[in-house]
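Student: Provided below are the primary sequence and the corresponding predicted coordinates.
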Amino acid sequence: MERINAVITGVGGYVPDYVLTNDELSKMVDTNDEWIMTRIGVKERHILNEEGLGTSYLARKAARQLMRRTGVNPDDIDLVVVSTSTPDYQFPSIASILCDKLGLKNAFAFDFSAACCGFLYLMETAANFIRSGRYKKIIIVGADKMSSIVDYSDRATCPIFGDGAGAFLMEGTTEDVGVMDSILRTDGKGLPFLHLKAGGSVCPASYFTVDNHWHYIYQEGRTVFKYAVSYMSDVSAAIAEKNHLDKDTINWVVPHQANMRIIEAVAHRLDVPHEKVLINIDRYGNTSAGTLPLCIWDFEDKLKKGDNIIFTAFGAGFTYGAVYVKWGYDGKKQEA
Ligand code: UT7
C-alpha cells in the first residue's frame, strides 16, 4: 500500500481591525516604543475589542476564509481541532462552536491545549489522523484572544501579546510533500515561570483572585526567554540534521513570534539568512497558538511546491518542538 502523507492544502487567517500601537500602550503603562522595539520587536498588535466576542470569533473568521479559498465542501470535513489557551468557555470547546457556525455536518471536533506551542503539536497530531487513512480532510486552527488574559497594568507582559487566528486545511496525498518529520517535547518544569494562577480547578475565581490580578498571565520573562532560546534553537538544529537539511536546502524557517531576539537566535543557530525567516511579530505581537499559521497566511505567496520549511515553537509547560514540512503547492497572491 502506498504511504499516505499529510499535506497542507490551504491557509486562512484573521486579525481584528483594532490596532494597539506602542505609543498608545505608553499612555497606559510606563514604557516606550524604543524599549518595546529593542527588547521585543513588536510595533503594534491587533485587539478584538468588540464586547461579547471571544476566540471562537477569530477562529471562525480564519476558518471561513480557509474554506472560501480552498472551495472545500463543508460536508467533506471529517475533523476540526482548535488549539487555544483562551477558550470562549471552559466548555463546550471552540471547535464544537465552529461546527455549528461553519455548517459542518460530518465532523467531530475538539480543542487542544499546549499554549504557544499548540499549533505545532496540532500539525503533527492532524497529520497522524490523515496518515491513518481514516480521515481525509481536517481543519486545524490556532486561535487566541490574548487580550482577554493580559494585564494592561503590567508593563512586562502587555506589550508582547495580540489577538489573531490562523487555519490550515490538511489532506492526504501520495506525493512526497506535507508533514515530513517532527520532534516534539514537553519538559513539564515550566509551571512556576509561566501560568495563569486562577480560574482553573486549583484556584477557582473569587473576589480575592480578581482583586489580585490572578486571571492574567504570570510570566518570569528572563527565565522563559532563556528556555525559549535554547529549546527552540536546539530542536530546530536537531530536526535539520536528522533530515539532512542545511542553510542552503532550508527554504523557510517559521518560528513562534514571541520575541525578535529569540527568532534571531534560532536563525543564527540554523545559520540561515534573515530573508528565509518568516517574521510578522512587528505587526501582530505574540498571538500564541495563532503565530505559526498567521506567518504562513502572511507569506503564502512566497512559498513554492517542494519548499523545505522548519516550524518551531515554545510555550508554557514548557512545550516545544520543531516540525519539518515540505510545502504542497505554489502560493499565489490571495484576496483578503
Ligand atoms: O510565547 C510564550 C513564551 N514567552 C516568551 O518567549 C517571552 C520570553 N521573555 C521575553 O520575551 C523577555 O524576557 C521580556 C520581553 C518579557 C522582557 O525583556 P527582558 O529583556 O528580559 O527584560 P527584563 O525583564 O530583564 O527587564 C529589564 C528592565 C527592567 O528594569 P530594571 O530592573 O533593569 O531597572 C524592567 O523593569 O526593563 C524593565 N522593563 C521595561 N521597561 C520599559 C520591563 N518591561 C518594560 C517595558 N518598558 N515594557
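Tutor: Good, I have the coordinates.
Student: Name the nearest residue to the residue in the chain positioned nearest to the ligand, sequence neighbours excluded.
Tutor: Closest to the ligand within the chain is residue 221: 2.8 Å, counting by Cβ to the nearest ligand atom. Where C-beta positions appear, they are placed from N, C-alpha and C, glycine not excepted. Using Cβ to Cβ, 6 or more residues apart in numbering and skipping residues adjacent in sequence, the residue nearest residue 221 is residue 156, 5.8 Å away.
Student: Distance of that neighbour relative to residue 307?
Tutor: Residue 156 sits 37 Å away from residue 307, taking Cβ to Cβ, to the nearest Å as the criterion.
Student: what about the residue of the chain closest to the ligand, neighbour count?
Tutor: Neighbour count of residue 221, defined by other Cβ atoms under 10 Å: 15.
Student: cool, residue 19 as well?
Tutor: 15.
Student: beta partners of it?
Tutor: For residue 19, the beta-bridge partners are residue 46 (DSSP bridges).
Student: What parts of the protein come near the ligand?
Tutor: When proximity is defined by Cβ under 6 Å from any ligand atom, the chain lies next to the ligand at 31, 35-36, 39-40, 116, 155-156, 159-160, 221-222, 224-225, 228, 258-259, 262, 286, 314-315.
Student: Residue 208 falls within a helix, correct?
Tutor: Yes - applying DSSP: H, G, I helix; E, B strand; the rest coil, one finds residue 208 inside a helix.
Student: Assign the nearest residue to it once chain neighbours are set aside to helix, strand or coil.
Tutor: Leaving aside its sequence neighbours, residue 208 sits nearest to residue 214 (Cβ to Cβ, 6+ apart; 7.9 Å). Going by three-state DSSP, the secondary structure assigned to residue 214 is coil.
Student: Return the residues in contact with residue 214.
Tutor: Applying Cβ atoms under 8 Å, 6 or more residues apart in numbering to residue 214 gives the contacts 196, 197, 198, 199, 203, 208.
Student: what about residue 103, how many neighbours?
Tutor: Close neighbours of residue 103, defined as other Cβ under 10 Å, add up to 11.
Student: Sticking with it, tell me its helix or strand.
Tutor: For residue 103, there is no helix or strand it lies in under DSSP states H and E.
Student: Now intersect the residues of the chain next to the ligand with the strands, please.
Tutor: Counting by DSSP state E, the part of those found in strands is 314, 315.
Student: Give me the subset of the residues of the chain next to the ligand that lies in helices.
Tutor: When the residues of the chain next to the ligand are checked against helices (DSSP state H), the matches are 35, 36, 39, 221, 222, 224, 225, 228, 262.
Student: what's the burial count for the first one?
Tutor: When you say that, I think you mean residue 35. 14.
Student: What residues of stretch 245-262 count as buried?
Tutor: 245, 250-260, 262 (16 or more other Cβ atoms under 10 Å).
Student: same thing with stretch 70-85?
Tutor: So, applying 16+ other Cβ under 10 Å, buried residues of stretch 70-85: 70, 72, 77, 78, 79, 80, 81, 82, 83, 84, 85.
Student: what is the rounded mean pLDDT of it?
Tutor: If you average the pLDDT over stretch 70-85, you get 98.
Student: Relative to the whole chain's centre, how far out is that stretch?
Tutor: 16 Å (Cα atoms, centre = their mean, to the nearest Å).
Student: Could you number the chain from 4 rather than 1 from now on?
Tutor: Fine by me, first position is 4 from now on; the one you just mentioned is stretch 73-88.
Student: how many other residues sit next to residue 114?
Tutor: Neighbours around residue 114, by other Cβ under 10 Å: 25.
Student: Is it in contact with residue 87, as I believe?
Tutor: Yes - the pair residue 114 and residue 87 passes the contact test of Cβ atoms under 8 Å, sitting 6.1 Å apart.
Student: so what sits against both of these two?
Tutor: In contact with both residue 114 and residue 87: residue 97, using Cβ under 8 Å, 6+ apart.
Student: now the strands for this structure?
Tutor: Under DSSP E, the chain gives strands at 8-17, 21-24, 47-50, 82-86, 111-115, 140-148, 166-176, 181-189, 197-199, 220-222, 255-258, 311-318, 322-329.
Student: Thanks again, I'm all set now.
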